[in-house]
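Q: Any chance you can model this:
(one chain, ligands or ions: 2)
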Amino acid sequence: MRTPIKAAVLGKAGEPLELAEVLLDEPADHEVLVRTERVGLCHSDLHYITGSLPIPTPAILGHEVAGLVERVGAAVTRVAPGDRVVATVTPACGLCRSCLRGRPTQCMRVDQVRARPRPKVVTRDGEEVQVLGGIGAFAEAFLAGEASLAVVPSNVPPHVACLLGCCVSTGVGAVVHGAHVTPDDTVAVIGCGGVGIAAIQGARLAGARRIVAVDAVAGKLEIARRFGATDAVLAGPDTVAVRTLLQDLMPDGFTHTVEAVGRRQTAELAFDVLAPTGTATILGLMPPGERLSIPADALVYGDRVLRGAYMGANRFLTDVEMFTDHYVAGRLDLDAMVTGEVPFEHVNEGFAAMSDPATIRIVVDVTRESA
Ligand SMILES: [Zn+2]
Ligand SMILES: [Zn+2]
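A: Numbers count the residues shown, from 1 in each chain. Ligands and ions are numbered 1, 2, ... in the order given. The predicted structure follows:
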């Protein structure tokens, strides 16, 4: 028996999401049915809506989510009905070479972990509806494998808990697990949206001695200072000028840079301003086929590193415990990252509001229908 639920469906890239009734399957043995509470609006969702990243349609986007466990499959042991959970798009098997080497976001068996015999969601006509990242959270409820879910304590409210699933995992994870930032490090964070602000907070948690925020919008830089940036650089359209500003600020170069924009130019800038032995960590998703160009002599003579850290190279199930403890202790400010909340039926307006410079994260209240 499938359960009818309301979902915001992407019918075709370039079109707004449409609220429609779809049918959600029962949880398989290893799955959990989660009643959605709050969903953060992430730039990757926006990329799929505009078509700058491809996804088959119809599709339910939404992956930065907190909700309450409603029903569990027969084999589920880690979560129980009533638990508040957050989800990740990178479930891990725990058994493959990547998992065993402490790199669960690169699990080599993620397809098997997500596999199930039937589509999770279908339309009234029986057509399969894709669910982004094996989640599809712009819906009243969703199915996720047990490996995708972490329980959060009840003193972490859902509107901030949802951030743990994507922007906090990615930004803080990149600094802590990807870059291993220490108190002797100088860190430039390029792009001060949700992921960038989380990276700045991660650098502050890690004790970096300088944290330089870089953004094209002056208002974002003011916000970044409130989250721990020690310096700020306003990036104009000319990347050469930005590079000069960063080189003036840190003539020896940065020991770490974090790119949280998802553009070739900013990724190359992240490498160009590194000190010898420095590491540029690229977080932003770029269109398929994009290539980066870096100076080979700076790479080889300077022992510099250019690396990715998909989803912050996080270790979700233990990271959520780390994040919640730092949040409860007041060291990780999640409340101020939520700059707006919209009811479910205004999800498209929420995406439109992402271009407002004062926006860090907008959260959809899926339990609320109108303002
Ligand atoms: Zn995301
Ligand atoms: Zn694995």
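
Q: Return the residues in contact with residue 8.
A: Residue 8 sits next to 17, 18, 19, 60, 61, 62, 138, 139, 344, 347 when contact means C-beta atoms under 8 Å, 6 or more residues apart in numbering. (Each C-beta comes from the backbone N, C-alpha and C, glycine too.)

Q: Heading C-terminal from the helix or strand where the last one lies, find the next helix or strand.
A: For residue 347, the element it lies in under DSSP states H and E is helix 347-352. Scanning forward in sequence from helix 347-352 by DSSP H and E, the next helix or strand is strand 361-365.

Q: And the helix holding residue 347, what does it pack against?
A: helix 43-50, strand 338-343, strand 361-365 (3 or more C-beta pairs under 8 Å, 6 or more residues apart in numbering; DSSP states H and E).

Q: change it to 6 Å
A: In terms of contacts (3 or more C-beta pairs under 6 Å, 6 or more residues apart in numbering; DSSP states H and E), helix 347-352 is packed against strand 361-365.

Q: same for the strand it packs on, what does it pack against?
A: When contacts are defined as 3+ C-beta pairs under 6 Å, 6+ apart, strand 361-365 sits against strand 31-40, strand 338-343, helix 347-352.

Q: looking at these, which is buried most?
A: Scoring these by mean neighbour count under mean count of other C-beta atoms under 10 Å gives strand 31-40 as the most buried, with a mean of 26.

Q: Provide the strand pairings for that strand, with the direction of each partner.
A: Using DSSP bridges, strand 31-40 pairs in its sheet with strand 64-72 (antiparallel), strand 141-145 (antiparallel), strand 361-365 (antiparallel).

Q: Point out the other helices and strands that the next helix or strand after the first one packs with.
A: Under the assignment DSSP H and E, the closest C-terminal helix or strand after strand 64-72 is strand 84-87. The elements that strand 84-87 packs onto, with contact taken as 3+ C-beta pairs under 6 Å, 6+ apart, are strand 64-72, strand 149-151.

Q: and the last one, average pLDDT?
A: Confidence over strand 149-151 (mean pLDDT, whole number) is 98.

Q: just stretch 9-27 next, same as before
A: Rounded mean pLDDT across stretch 9-27 is 97.

Q: Just the helices from the protein, written as ranges.
A: Using DSSP state H, the helices found in the chain span residues 43-50, 97-100, 110-114, 158-161, 167-173, 194-206, 218-226, 239-249, 264-272, 296-301, 316-328, 347-352.

Q: Quick check: residues of the protein near ligand 1?
A: 42, 44, 166 (C-beta under 5 Å from the ion).

Q: Return the distance of the spatially closest residue to the second one that is not a sequence neighbour relative to residue 43.
A: Once flanking residues are discounted, residue 44 sits nearest to residue 285: 5.8 Å by C-beta to C-beta, 6 or more residues apart in numbering. When C-beta to C-beta, to the nearest Å is applied, the distance between residue 285 and residue 43 equals 8 Å.

Q: and those two? which has more neighbours close in?
A: Comparing residue 285 with residue 43 by neighbour count (other C-beta atoms under 10 Å), the higher total belongs to residue 43, at 21 against 15.

Q: if I pick the more buried one, what's in contact with it?
A: Neighbouring residues of residue 43 by C-beta atoms under 6 Å, 6 or more residues apart in numbering: there are none.

Q: Out of the contacts of residue 8, flag the one nearest to residue 315.
A: residue 62 (23.0 Å; C-beta to C-beta).

Q: Surely residue 160 is in contact with residue 333?
A: No - Residue 160 is not in contact with residue 333 according to C-beta atoms under 6 Å; the separation is 9.3 Å.

Q: Any idea how many residues pack against residue 317?
A: For residue 317, the count of nearby residues is 18 (other C-beta under 10 Å).

Q: bridging residues for the nearest residue to residue 245 once chain neighbours are set aside?
A: The shortest distance from residue 245 to any non-neighbouring residue, by C-beta to C-beta, 6+ apart, is to residue 233 (5.0 Å). Counting by DSSP bridges, residue 233 forms beta bridges with residue 214.

Q: what residues does stretch 9-17 touch?
A: By C-beta under 6 Å, 6+ apart, the surrounding residues in contact with stretch 9-17 are 8, 18, 20, 51, 57, 58, 59, 60, 61, 347, 348.

Q: would you list the residues you listed in JSON lines and tack on distance to residue 304?
A: Listed next are the contacts of stretch 9-17 as JSON lines, based on distance: C-beta to C-beta, whole Å:
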{"residue": "8", "distance to residue 304": "43"}
{"residue": "18", "distance to residue 304": "47"}
{"residue": "20", "distance to residue 304": "49"}
{"residue": "51", "distance to residue 304": "34"}
{"residue": "57", "distance to residue 304": "41"}
{"residue": "58", "distance to residue 304": "44"}
{"residue": "59", "distance to residue 304": "39"}
{"residue": "60", "distance to residue 304": "41"}
{"residue": "61", "distance to residue 304": "36"}
{"residue": "347", "distance to residue 304": "42"}
{"residue": "348", "distance to residue 304": "42"}
